[in-house]
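Enquirer: Kindly generate the corresponding structure for this input.
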Amino acid sequence: MVDVSAEEADDLLDRGWRHFGPGWFRPVCGTCQQCVSTRIVVDGFVPSRSQRRVRRVSARLRAEVGPPRIDGARLALFDAWHANRVKMRGWEPASVDERDYFMQFAFPTPIAREVAYYDEASGGGLAMVSICDETPRSWNAVFCYYDPAFARLSPGIANILELVDLARAGGQRHVHLGYRVSDCPSLRYKAAFGGQEVLPQLPADDEEPSWQRVLVKAEAAGG
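Expert: Have a look, this model is predicted:
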């Protein structure tokens, strides 16, 4: 769908839809209900002790918000990140060319944003790229990749903390994180963020979405 307005995107996100570029989707698997939409309620979010530590150690990364871009640095960074996933997690080998990247991450829409992170401690090189949406009611995390050398800084967590800060500064209510899948190591980290709501059941076209607050361990422990 190439003509989705910012307001329509908000409604789709609230109903459990996700997208890469112009392709919107949501899972409808007859025998599996593991993909559960989740979002952070900005006003209810307080970082845990470990998340505050991530924020401190990642302070060397400078964030720049703008429209998604395609260049050699981004393609090389994506390939390095994915190659590391192949080695460490057994993913299938893959790479993206400019057309693939454009269709998935840089398709021009009114809501498309890129948060590019640069490492000030080593000359300002590109360290991480977060593909996002900015809508009237939310920020939506679409995809994130980074230099494997920065894995010790927990860059994915640092990115979500940055999106919460952006949403708070812009008056948006939510940060959509996509799907929580408890048995997937790549997605398990999402469950550690406080102030979350989940959409246990995808609504039918004539139903209103029913988001439910969930208590995560960090909140339960007061961390």
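Enquirer: quick one, helices of the protein?
Expert: 6-14, 49-57, 72-89, 98-105, 155-170, 217-220 (DSSP state H).
Enquirer: got a list of what the residue nearest the centre of the chain touches?
Expert: Against the mean C-alpha coordinate of the chain, by C-alpha atoms, centre = their mean, the closest residue is residue 141 at 2.7 Å. Contact analysis of residue 141 by C-beta atoms under 8 Å, 6 or more residues apart in numbering lists 130, 132, 159-160, 163, 175-178. No exception for glycine: its C-beta is placed from N, CA and C like everyone else's.
Enquirer: per-residue confidence for residue 219?
Expert: Residue-level confidence at residue 219 comes out at 50, pLDDT.
Enquirer: err, residue 163, not the other one
Expert: Note on residue 163: pLDDT of 98.
Enquirer: Could you measure from it over to residue 139?
Expert: For residue 163, the distance to residue 139 equals 5 Å [C-beta to C-beta, to the nearest Å].
Enquirer: next one: residue 171
Expert: Counting by C-beta to C-beta - residue 171 and residue 139 are separated by 11 Å.
Enquirer: Which of the two has more residues huddled nearby?
Expert: Per other C-beta atoms under 10 Å, whichever of residue 171 and residue 139 has more neighbours is residue 139, with 29 against 9.
Enquirer: for the more buried one, what are its contacts?
Expert: Residue 139 touches 113, 132-133, 163, 166-167, 170, 172, 174-176, counting by C-beta under 8 Å, 6+ apart.
Enquirer: what two of these have the greatest distance between them?
Expert: Taking every pair in these and measuring C-beta to C-beta, the maximum separation is 15.1 Å, between 113 and 174.
Enquirer: returning to what we had before: between the contacts of residue 141, which is closest to residue 9?
Expert: Sorting the contacts of residue 141 by distance to residue 9 puts residue 176 at the head of the list, at 10.1 Å, by C-beta to C-beta.
Enquirer: So which of residue 113 and residue 174 has more stuff around it?
Expert: Comparing residue 113 with residue 174 by other C-beta under 10 Å, the one with more neighbours is residue 174, at 23 against 20.
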